[in-house]
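Enquirer: The amino acid sequence is not available; the structure is as follows:
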Ligand code: NDP
């Protein structure tokens, strides 16, 4: 039985992962779970899966969980140290990294250093410190299996092929809920509108990232480090239906793609069971019924965040960590109605412009850049959210 730890078990990816665990009794044992603040959901999971340890990043929430789980065998720990303790549990075979945002960097990196196989959904750590994570993975002989549907598709399309024969990676993007809007119309977009993703049910942060196309910017950086492919060989293609999850072109111009109906349980199950494919009770893809698939180029003018992703990657060093941190702060401010939709990109742009990139040699270098960018972006948002401020 594979012993697993799920970082971010109360979220969208976390609950889908537990759904797979429930469907295959005898295959996985859940030994550790983590969450941020959602006490009731984690308590429910503790009662169902009886893990040896759970961690909550919020100490007050952990205290409450302890009270609610009195008499149960599960040890409740808290804070960054608690997340790391759970991520590195000696018995763990596989850690599913599904915390949202940069908060996942510390425990995911700790799990890598502890020699755990990783199923990686949490893309932000790879954006912040991709080279460092891959260096540590190499040192510890750890494999990182992609969960992100696009990267899982690339990974599957590369199976049995030589890396040297790869010519291009083509990441597909649905374009999100605002794809057909003009910039003028985007000015007044509400969080409710931006949260209406046409194809995927996901947590709020990644759903807003899909609306700005920052999700694809982050994914370009993630692909660069996951597959060790330069940015010049990574392209983005808008594909509204989210049926082709990504494509790999080889030197002989043959293109291999992975297709399927949009459901995260497929890439999660693949990462958890690799190289085995387990039978999932999901509807089959019926291309005749779908009839046609549509494609077009991304529009960098209306969706500047994608270009910011490429730019951060080109600059390198701490810049991707700064891009990520500024984005996290701006998305939260948008969800809190402090700034408008267009101010997300404006905040990231200004934060990147103010940053002088430096090399990332240690985890502290990445965390320092992250802290700086959060502080700078917060100041910009204060200016942008005053009624007299004009956003360009
Ligand atoms: P959710 O918002 O649904 O879940 C996030 C999880 O992280 C929750 O368990 C949450 O706990 C926990 N969390 C939040 N903040 C902290 C913190 N500061 N410290 C510790 N834990 C924290 O996110 P998703 O599941 O949608 O996404 C998770 C990751 O997977 C993201 O990086 C996303 O980009 C990536 N991903 C998601 C996809 C999807 O379909 N959802 C698809 C591809 C990638 P709590 O509930 O207590 O707040």
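Expert: Happy to help now that I have it. Since this is a predicted model, take the numbers as computed values, not measurements.
Enquirer: Pull up the residues of this protein that are close to the ligand.
Expert: Residues of the chain lying close to the ligand (CB under 6 Å from any ligand atom) are 8-14, 35-38, 57, 98-100, 103, 121-124, 148, 200, 202-203, 205-206, 264. (Each C-beta comes from the backbone N, C-alpha and C, glycine too.)
Enquirer: Narrow these to those in helices?
Expert: 12, 13, 14, 123, 124, 205, 206 (DSSP state H).
Enquirer: Where does the prediction get shaky in the chain?
Expert: Counting by pLDDT under 70, the ranges of the chain that qualify are 387-392.
Enquirer: and the residue of it nearest the ligand?
Expert: Per CB to the nearest ligand atom, residue 11 is where the chain lies closest to the ligand, at 1.9 Å.
Enquirer: For that residue, which residues are in contact?
Expert: 35, 98, 99, 100, 203 (CB atoms under 8 Å, 6 or more residues apart in numbering).
Enquirer: contacts for stretch 73-84?
Expert: So stretch 73-84 is in contact with 7, 34, 46, 50-59, 61-63, 65-66, 69, 85-86, 99, 106-107, 110, going by CB under 8 Å, 6+ apart.
Enquirer: Wait, a helix at residue 248?
Expert: No - in this structure, residue 248 is strand, not part of a helix, as judged by DSSP: H, G, I helix; E, B strand; the rest coil.
Enquirer: neighbours around residue 224, how many?
Expert: Other residues near residue 224 come to 24 when the count uses other CB atoms under 10 Å.
Enquirer: Beyond the helix or strand hosting it, next helix or strand please.
Expert: Using DSSP states H and E, residue 224 sits in helix 214-227. Using DSSP H and E, the helix or strand that follows helix 214-227 towards the C-terminus is strand 234-238.
Enquirer: hmm, back to that, with residue 98 as the reference, measure out to the residue of the chain closest to the ligand.
Expert: 6 Å (CB to CB, to the nearest Å).
Enquirer: ditto for residue 210
Expert: Distance, residue 210 to residue 98, by CB to CB: 17 Å.
Enquirer: quick one, strands of this structure?
Expert: 2-7, 28-35, 53-56, 75-78, 94-97, 117-120, 144-146, 166-173, 234-238, 244-250, 255-259 (DSSP state E).
Enquirer: ok so, going back, which of the residues of the chain next to the ligand are buried? Put it as a PyMOL command.
Expert: A single PyMOL command is used to select the members of the residues of the chain next to the ligand judged buried by 16 or more other CB atoms under 10 Å:
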select buried, resi 8+9+10+11+12+13+14+35+36+38+57+98+99+100+103+121+122+123+124+148+200+202+203+205+206+264
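Enquirer: longest helix anywhere in this protein?
Expert: Counting residues, the longest helix found in the chain (DSSP H) is helix 363-384.
Enquirer: which parts of it are buried?
Expert: For helix 363-384, by 16+ other CB under 10 Å, it's 363, 365-367, 369-370, 372-374, 376-378, 380-381, 384.
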